[in-house]
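# Sequence first, predicted model second:
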Amino acid sequence: MIIYLAVIFFHHFCGLTPVPTKGRLSEYFHLKRCALESEDMSGKTITRADLTEAVYQEVGLSRNESAELVESVLEQMVCALEKGENVKISSFGSFGVRDKGARVGRNPKTGEEVTIAPRRVLVFRPSHVLKKKINNILSQGVKSVL
């Protein structure tokens, strides 16, 4: 249930919404106009509050329940990533953790060699659907400028 609701609010911000069928939410999604097309969102950063509001509007939970749900979904994602698992969200992308080994780097000011410790980094790979959607919005913006 938590992951399904995560899909709902990620799809909300990508311009995809669940289609109700026979009194329940279908797993199939259809395209709708993205919020970016209807509002000037240039420079806007999506926050937890925005995600909470999207859940509140789309699912109909109270604002407090929506906030708890958003926190729960994000916590589930963090826990999975901490264990080294991938988090895949259909039509959005996948999050994963990659191990980077130790390497030698240079201090740009002094040129001195410094050992950079091994670390884990978070990676995000957007889905083809998200890439296509972003490129369509970009190409539409270029056409309107010309």
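Perfect, I can see it now.
# Point me to the helix or strand that includes I46.
Using DSSP states H and E, I46 sits within no helix or strand.
# actually V121, not the one I typed
strand 119-126.
# now swap in K131 and tell me
Judged by DSSP H and E, K131 forms part of helix 128-145.
# One more: G105?
Using DSSP H and E, G105 falls in strand 103-106.
# so what secondary structure elements neighbour that strand?
Counting contacts by 3 or more CB pairs under 8 Å, 6 or more residues apart in numbering; DSSP states H and E, strand 103-106 packs against strand 113-116. C-beta coordinates here come from the backbone N, C-alpha and C atoms, glycine included.
# Convert the strand it packs on to PDB, retaining C-alpha atoms only.
Extracted C-alpha coordinates of strand 113-116, given in PDB (Å, rounded to 0.1, in the frame of the first residue of the first chain):
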ATOM      1  CA  GLU A 113      47.900  14.500  -3.900                       C
ATOM      2  CA  VAL A 114      45.200  13.500  -1.500                       C
ATOM      3  CA  THR A 115      43.600  10.100  -0.900                       C
ATOM      4  CA  ILE A 116      39.800  10.100  -1.200                       C
END
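# residues making contact with that strand?
Here strand 113-116 makes contact (CB atoms under 8 Å, 6 or more residues apart in numbering) with A102, R103, V104, G105, R106, N107.
# same thing but 6 Å
With contact meaning CB atoms under 6 Å, 6 or more residues apart in numbering, strand 113-116 is reached by R103, V104, G105, R106, N107.
# Stretch 126-142 too?
Outside stretch 126-142, the residues that reach it (CB under 6 Å, 6+ apart) are S91, F92, G93.
# buried stuff in the top helix by length along the chain?
Longest helix of the chain, by residue count under DSSP state H: helix 63-82. Judged by neighbour count using 16 or more other CB atoms under 10 Å, the buried positions of helix 63-82 are S66, A67, L69, V70, V73, M77, A80, L81.
# How about stretch 119-138?
S127, V129, L130, K133.
# how about those residues in a markdown table, adding distance to V55 and pLDDT?
As requested, the buried residues of stretch 119-138 are arranged in a markdown table below (distance: CB to CB, whole Å; pLDDT from 0 to 100):
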| residue | distance to V55 | pLDDT |
| --- | --- | --- |
| S127 | 21 | 96 |
| V129 | 21 | 93 |
| L130 | 20 | 93 |
| K133 | 21 | 90 |
